[in-house]
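Colleague: Sequence first, then the predicted structure, then my questions.
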Amino acid sequence: MPIDFLAIGHITHDRTPEGFRLGGTVSYAAVTARRLGHRPGMLTRASGEGLQLAPGTEGAEVIVASPDGVLDGIAIRLLPSAVSTTFTNIYHGSERTQLIEAWADPIWPDELPAAWAAAPVVLLGPVAREIPPAWANVFPHALVGVTPQGWMRRWDARGHVSPAPWENMADFLPHADVIILSREDVGGDDAFLADLSCRAKLLVVTDGWHGATVYRCGERFPIPPRPTVQVDPTGAGDVFATAFLLRMAETGDPLAAARFANIVASMSVEGIGMARIPWRTEVDAWLEQGG
C-alpha cells in the first residue's frame with residue numbers, strides 16, 4: 001500500500017555515553033507514525049550505517065534491520081552520503097548543550113520518489129539546514145507541517161550550536177499548514193513567537209513540562225501536559241509534531257490534535273531514544289481510563 005505520511009530530513013547519528021544511536025526528526029517521526037497505525041516513508045540523506053535495506057516499492061527501499069529494531073519495516077529513500085549528520089546532546093536538567101560534528105548534504109525535490117509526491121500528510125523536519133526553499137510548494141494538496149528547528153541553528157568552527165534567525169521563513173510560511181516549534185528553538189523569544197503567531201496559518205509551541213500552546217487567528221489556547229516521569233527528552237518535539245499532524249488529519253481540530261500529541265510525546269520520554277514511543281493502543285487505553 002502507498003505511504004500515508006512522509007517525513008523529510010536527515011537521519012542523524014547521536015553520540016551518547018553508551019555510543020552512537022540513530023536519531024533525527026525523520027527517524028522519530030517515522031517510528032511515531034508507524035506506532036500510531038500509519039504507513040510512513042522517510043526521504044533522507046545519510047551514510048546508512050546501522051541500517052540494512054531491501055528493495056521496496058514506489059522507487060524506495062524498506063528497512064529490514066536497524067538498531068533495536070525500531071525502524072524495521074519502514075519505507076525509506078536513502079540518498080548517498082559519506083557521512084551522517086552527527087550531534088552530541090548534553091543535558092543539564094531541562095537545558096541542553098548541543099554540538100554538531102559532521103553534516104550531510106542537502107536534500108532536493110528532484111530526489112523525491114514520484115509516487116511519494118501524493119502523500120496526504122508531510123513533515124518537513126530539517127535538523128541542519130538540509131531542506132532548501134525549493135521544497136516550499138512541492139505538496140500543494142497535502143497537510144504540510146514544518147518543524148523549523150534545523151533552520152534556526154547555527155554552529156561555530158568547533159561545532160557549538162546556538163539559536164539563529166529563521167532566514168527562509170518567508171518562503172515556507174505561505175505553504176505550511178502548521179508550524180510546530182519549541183520555546184527552546186527560539187531561545188524563549190516571546191516577541192518572535194508573537195509575530196510568528198500572526199503570520200502562520202497555525203502555530204503550535206511546545207514548552208516541555210508546561211505543555212503546549214496553539215495559536216490560531218489571533219487566539220491563544222494553552223494545552224496542559226500529561227504528567228510524566230522524564231527519562232530521555234530527546235526527540236519529544238518530533239514525536240509531538242508527528243502525532244499532532246496525524247490527529248489533525250483525522251479530526252481537523254487543532255486543540256484535539258495538541259491534546260493527543262501531548263499524550264504521545266509525554267509517553268515517549270519515559271524511556272531511552274525511540275524505544276518508548278507509544279503504540280496507538282496505549283494512547284487510546286490511557287484516554288479511555290479518563291486521562
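Modeller: Now that the structure is in, tell me what you want to look at. Just so you know, these numbers come straight off a predicted model, no measurement behind them.
Colleague: so who does G50 touch?
Modeller: H13, F20, L22, S66, P67 (Cβ atoms under 8 Å, 6 or more residues apart in numbering). For every residue, glycine as well, the C-beta is placed using N, CA and C.
Colleague: Neighbours of the residue lying closest to L246 once chain neighbours are set aside, how many?
Modeller: In this structure, L246 finds its nearest non-sequential neighbour in L36, 5.7 Å apart by Cβ to Cβ, 6 or more residues apart in numbering. L36 is flanked by 23 other residues according to other Cβ atoms under 10 Å.
Colleague: what's the answer for the one 4 residues further on, then?
Modeller: The number of residues packed near P40 is 28, by other Cβ under 10 Å.
Colleague: Distance check, it against L112.
Modeller: 15 Å (Cβ to Cβ, to the nearest Å).
Colleague: Is it possible to mark the buried ones in the contacts of G50?
Modeller: In the contacts of G50, burial by neighbour count holds for H13, L22, S66, P67, counting by 16 or more other Cβ atoms under 10 Å.
Colleague: Please list all residues in contact with M169.
Modeller: P148, W151, L196.
Colleague: For the last one, give its distance to G208.
Modeller: Going back to what we said before, that points to L196. From L196 to G208 the distance is 19 Å (Cβ to Cβ).
Colleague: Tell me which two in the buried ones among the contacts of G50 are the farthest apart.
Modeller: H13 and S66 (12.7 Å; Cβ to Cβ).
Colleague: which other helices and strands contact the stretch of helix or strand L246 belongs to?
Modeller: Assessed by DSSP states H and E, L246 sits inside helix 236-251. Contacts defined by 3 or more Cβ pairs under 8 Å, 6 or more residues apart in numbering; DSSP states H and E place helix 236-251 against strand 5-8, helix 25-35, strand 121-124, strand 143-146, strand 178-182, strand 203-206, helix 254-268.
Colleague: Quick check: buried residues in it?
Modeller: Buried, per 16+ other Cβ under 10 Å, within helix 236-251: 236-249.
Colleague: and of those residues, the nearest to H160?
Modeller: Looking across those and measuring by Cβ to Cβ, the closest to H160 is G237, at 20.5 Å.
Colleague: quick one: contacts of the helix holding L246?
Modeller: So helix 236-251 is contacted by 5, 7, 25, 28-29, 32-33, 36, 38, 120-121, 123, 125, 143, 145, 147, 149, 178, 180-182, 185, 204, 206, 212, 254, 256-258, 260-265, 268-269, 277 (Cβ under 8 Å, 6+ apart).
Colleague: Tell me the secondary structure at the nearest residue to Y215 once chain neighbours are set aside.
Modeller: Distances taken as Cβ to Cβ, 6+ apart place S197 nearest to Y215, at 3.7 Å, with adjacent residues excluded. Classification of S197 using DSSP: H, G, I helix; E, B strand; the rest coil returns helix.
Colleague: from the contacts of M169, which is closest to P133?
Modeller: Checking the contacts of M169 one by one against P133 (Cβ to Cβ), the nearest turns out to be W151, at 9.8 Å.
Colleague: neighbours around that closest one, how many?
Modeller: By other Cβ under 10 Å, the residues close to W151 number 26.
Colleague: Next one, pLDDT for the residue nearest to L246 please.
Modeller: Looking at L36, its pLDDT stands at 98.
Colleague: give the contact list for it.
Modeller: T242, A243, L246, V264, W279, R280, V283 are the contacts of L36 under Cβ under 8 Å, 6+ apart.
Colleague: need the helix or strand of the protein with the lowest average pLDDT.
Modeller: strand 85-92 (a mean of 82; mean pLDDT, DSSP states H and E).
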